[in-house]
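Enquirer: with the sequence up front, the predicted model follows.
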Amino acid sequence: MEAAFYIAAIVAIVSTVLTITRSNAVHALLYLIVSLLAVAVVFYAMGAPLVAALEVIIYAGAIMVLFVFVVMMLNLGKRAAITEGQWMQGNIWLGPVLLSAVLVAEVLYLILRARLTESAGGVVDPKQVGLALYGPYLIGVELSSMLLLGALVGACHLGRPVLEKAEGRYDRNSDGARAHSGGNLIRAGARRAPNAP
Amino acid sequence: MVPDFEGAMTSPYPIAAIAGILIMVLSLAALLIWVERRLLALWQDRYGPNRVGPFGLLQVVADMIKIFAKEDWLPPFADKAVFIIAPAIIMVTVLLSFAVVPFSPGIIVVDLNIALLFFLGMSSLGVYSIVLAGWASDSKYSLLGGLRAAAQMISYEVFMSLSLMGVVLLAGSFRLSAIVEAQKRLWFIVPQFLGFVLFLIAGVAEARRSPFDLPEAEAELVAGFHSEYSGMKFGMFFVGEYLGVILISSMITVLFFGGWLGPWLPPIVWFLIKMFAFICFFILLRASLPRLRFDQLMSWGWKVMLPLALLNLIVTGAVVVAWR
C-alpha cells in the first residue's frame, strides 16, 4: 500500500506539472484529469475509500467534463496554442518558481527533521464520514449549501428566458436577416459579404 | 497499514475469475450484435442475418474478420494522441466496472465495500471517451455529437446516482454482494419501484441507446462522435456500447431483482436469465421508440427525473427512519 501511495503521488505531481506546461488547453485538461485520478488513488491508499470514490465521481467525472465541454465550445485552434506557448516563455516563470522552491525546501526540511507521523490510522468508512458531516460539522455543510444555493439563483437569473421577449421586439427588423424555415441556409444573413460562399 | 476492503465473496482464484468474466462478457457482447439484429428483424417482420452458419450465428465472426481487415485510417486533421486514446477509454472503464459485479457467490473479481460508487465513478469517466472522440476528430458532426454526449451524460448521471441511494438506504451498504443478500426476503423492485424506473431510464441514457442515442443520431449527425472512426477503433466503440448494455442490465439485476437469488437453478443461471431479459428489453426499446429531441431530453431529465429521484430519496429515508 505504501508503494501504491508513492507511485500515485509521483504520478500526481508529474501530471500537474504537465498540466501547467501544455499549451493545448484540452491536453492540459487531460493531464489535470490524470492528476485528480492519482489523488483519488492516494486517498484510497490512505484508507479513505469514500473520499477516493467521490474524487473520481465529482471532480474527475463531472467537473472536469464541464471544463472539457467549455473548452470544446471555445474551439481553440492551433493559433491559441501558439499564443499560449508564447506566454509560457521568458522570465514569467521566475517569480512562481522561486516561491514554490521556498515551499519545497520547507516541506523537505520538515520531512527530514521530523519523520512524518503515521496517518490517523484505520479505514474511514462512509458511515463515519456521514456521522461526522452531519454531527460536529453541520454548520459547514449548511454554509456550503447556502453558497451553492446562491450560485444556483445566480445561474437561474443569468439563464432566464429573455430571448423570446427580445425577439418579439425586434421581430420586424430581424426577419430579413433570418433564414426562411427549410430554406437555403447559405443565403441566410442580409449583411453577408457578396462573395461569401 | 493495509486496509481490508475485500469481503468474503471475493473469488479465491482472482486470475481465473478475471479471465472467465472477461471471456464471458466479451463473447456475450459480440454475440449481442447478432442477437440485436435478429430480434430487431423479428419485431419488424423480416429475417435478419441468417445465412452464415446455423441461424446466421457465424455472422459475428464474418463481421469481425471484415473489421480487422479494414484500413485503420487516421484522419490527417485529427489530434492523433487523443483520437487514438478515446476508444480505449470506453473499453477500459466498462470492463473495469465488471470487476465489482457479483455474478454469483465466488464469481466476482473483487467484492469492494464501495462497489456501487466504483460503478458510478467508472460510468462517469466513460463520458470522456465520447467527448474526446468528438473533439479529436476535428469535424463538425463529431463535435456536435461530443457536445450532446457531454450534456446528456452529465445530466442523467446526477439522478442515476440519486435513484440508487434508496437501495443503499434499504441495504445499508455500498457493497453489491450485501445488497443482493439484503433482497433474500423481498426484491428491491417492490419497495423501490420508482427508483427502478428512474435507474432504468438513466441507464438507457448512460449506455446511449435509443431513444437516447442523440450523440450518434444518424438522421442528423452522420454517425455523431464516431463519424471519423474506421476499422477496429470504430469496432471498440461498437463493442463498448454493447458492453455498456450488458453492464446496465447486470446492475439492474443486482440492485433491483435479487442478483443470483432464485429457487432450484444454480445461482449463475438465475443471474444470466435475469440479465438477458433486460438486454432483450433494451433491444425492444430500440425497436419501438422514436428518438427524443435534444431539448426534450434535457428538460425531461432536469424537470421530471431529478425531482422524482429526490422525492424517492426523501420518502425512503423517512420510511427507514420511522421503521427503526
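Expert: That came in fine, so what should we check first?
Enquirer: by contact count, what packs against the lowest-mean-pLDDT helix or strand in chain B?
Expert: Scoring the helices and strands of chain B by mean pLDDT, DSSP states H and E places helix B:218-221 at the bottom, with a mean of 73. Under the contact criterion of 3 or more Cβ pairs under 8 Å, 6 or more residues apart in numbering or on different chains; DSSP states H and E, helix B:218-221 touches helix B:140-171. (Glycine included, C-beta is placed from N, CA and C.)
Enquirer: what sits up against the least confident helix or strand of chain B?
Expert: With contacts defined as Cβ atoms under 8 Å, 6 or more residues apart in numbering or on different chains, helix B:218-221 is touched by B:Y141, B:L144, B:G145, B:P215, B:G224, B:S227, B:R291.
Enquirer: in that helix, what's buried?
Expert: B:L221 (16 or more other Cβ atoms under 10 Å in any protein chain shown).
Enquirer: what's the answer for stretch B:272-282, then?
Expert: In stretch B:272-282, counting by 16+ other Cβ under 10 Å, buried: B:L272, B:K274, B:M275, B:F276, B:F278, B:I279, B:F282.
Enquirer: what segments of the chain are helices?
Expert: Unless you meant another one, I'm taking chain A. Secondary structure of chain A (DSSP state H): helices located at A:2-21, A:25-45, A:49-54, A:64-74, A:78-88, A:94-113, A:126-133, A:138-158, A:163-169, A:171-174.
Enquirer: meant chain B, my bad for not saying
Expert: Going by DSSP H, chain B shows helices at B:14-43, B:59-69, B:80-97, B:115-125, B:127-136, B:140-171, B:176-181, B:193-206, B:218-221, B:231-256, B:267-288, B:294-299, B:306-323.
Enquirer: what's the offset of the least confident helix or strand of chain B from the middle of its chain?
Expert: Distance of helix B:218-221 from its chain centroid, counting by Cα atoms, centre = their mean, to the nearest Å, is 23 Å.
Enquirer: what do you get for stretch B:46-63?
Expert: That offset, for stretch B:46-63, works out to 25 Å (Cα atoms, centre = their mean).
Enquirer: was I right to think B:A151 contacts A:F69?
Expert: Yes. Taking contacts as Cβ atoms under 8 Å, B:A151 lies within contact range of A:F69: 7.2 Å.
Enquirer: chain neighbours aside, what residue packs nearest to the residue in chain A positioned nearest to chain B?
Expert: Chain A approaches chain B most closely through A:G61 (2.8 Å), counting by Cβ to the nearest Cβ. Using Cβ to Cβ, 6 or more residues apart in numbering or on different chains and skipping the chain neighbours, the partner closest in space to A:G61 is B:S124 (2.8 Å).
Enquirer: tell me the contacts of that neighbour?
Expert: B:S124 makes contact with A:V56, A:I57, A:A60, A:G61, A:A62, A:V65, B:M153, B:E157 under the criterion Cβ under 8 Å, 6+ apart.
Enquirer: which other residues reach stretch A:65-80?
Expert: A:24-26, A:29, A:32, B:124, B:127-128, B:131-132, B:134-135, B:143, B:146-147, B:150-151, B:153-154.
Enquirer: typo on my end, stretch B:15-27
Expert: So stretch B:15-27 is contacted by B:S11, B:L95, B:F98, B:A99, B:F103, B:I107, B:I108, B:V109, B:V239, B:L243, B:I246 (Cβ under 8 Å, 6+ apart).
Enquirer: and the fourth one, how far from A:I57?
Expert: So that's B:A99. 17 Å (Cβ to Cβ, to the nearest Å).
Enquirer: and the residue nearest to the spatial centre of chain A, what pLDDT?
Expert: Most central in chain A under Cα atoms, centre = their mean is A:M64, positioned 4.7 Å from the mean C-alpha point. Looking at A:M64, its pLDDT is 86.
Enquirer: which ones are touching the nearest residue to it once chain neighbours are set aside?
Expert: What sits nearest to A:M64 in space, not counting adjacent residues and going by Cβ to Cβ, 6+ apart, is A:I33, at 5.1 Å. The contact partners of A:I33, by Cβ under 8 Å, 6+ apart, come to A:A60, A:M64, B:Y128.
Enquirer: tell me the confidence at residue 124?
Expert: Using chain A. In this model, A:V124 carries a pLDDT of 75.
Enquirer: hm, I was asking about chain B
Expert: 87.
Enquirer: equivalent analysis for A:S174, please.
Expert: 50.
Enquirer: nearest residue to B:V239 other than its sequence neighbours?
Expert: B:A29 (5.2 Å).
Enquirer: next: B:L40.
Expert: Closest to B:L40 by Cβ to Cβ, 6+ apart is B:A287, at 5.3 Å.
Enquirer: dump the residue contacts of the one you found.
Expert: B:L39, B:L40, B:W43, B:Q44.
Enquirer: in the stretch 201-324 of chain B, what residue is nearest chain A?
Expert: For the stretch 201-324 of chain B, Cβ to the nearest Cβ, closest residue to chain A: B:F225, 11.4 Å.
Enquirer: which residues touch that residue?
Expert: B:I130, B:V131, B:A133, B:G134, B:S137, B:S142, B:G145, B:G146, B:A149, B:P215, B:E216, B:F237.
Enquirer: shaky segments in chain A?
Expert: A:1, A:75-77, A:88-91, A:114-122, A:162-197 (pLDDT under 70).
Enquirer: per-residue pLDDT, the residue lying closest to B:G301 once chain neighbours are set aside?
Expert: Excluding its sequence neighbours, the residue lying closest to B:G301 (Cβ to Cβ, 6+ apart) is B:S155, at 4.3 Å. Looking at B:S155, its pLDDT stands at 84.
Enquirer: with B:I246 instead?
Expert: So, for B:I246, pLDDT stands at 91.
Enquirer: hmm, it is touching B:M275, no?
Expert: Yes. Applying Cβ under 8 Å, one finds B:I246 in contact with B:M275, separated by 7.1 Å.
Enquirer: that older thread, now tabulate the buried residues of stretch B:272-282 in TSV and tack on distance to chain A and pLDDT.
Expert: Shown next, in TSV, are the buried residues of stretch B:272-282 (distance: Cβ to the nearest Cβ, whole Å; pLDDT from 0 to 100):
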residue	distance to chain A	pLDDT
B:L272	28	88
B:K274	26	89
B:M275	25	90
B:F276	29	89
B:F278	24	90
B:I279	25	90
B:F282	23	89
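Enquirer: chain neighbours aside, what residue packs nearest to B:L125?
Expert: Using Cβ to Cβ, 6+ apart, the closest residue to B:L125 is B:T93 (4.9 Å).
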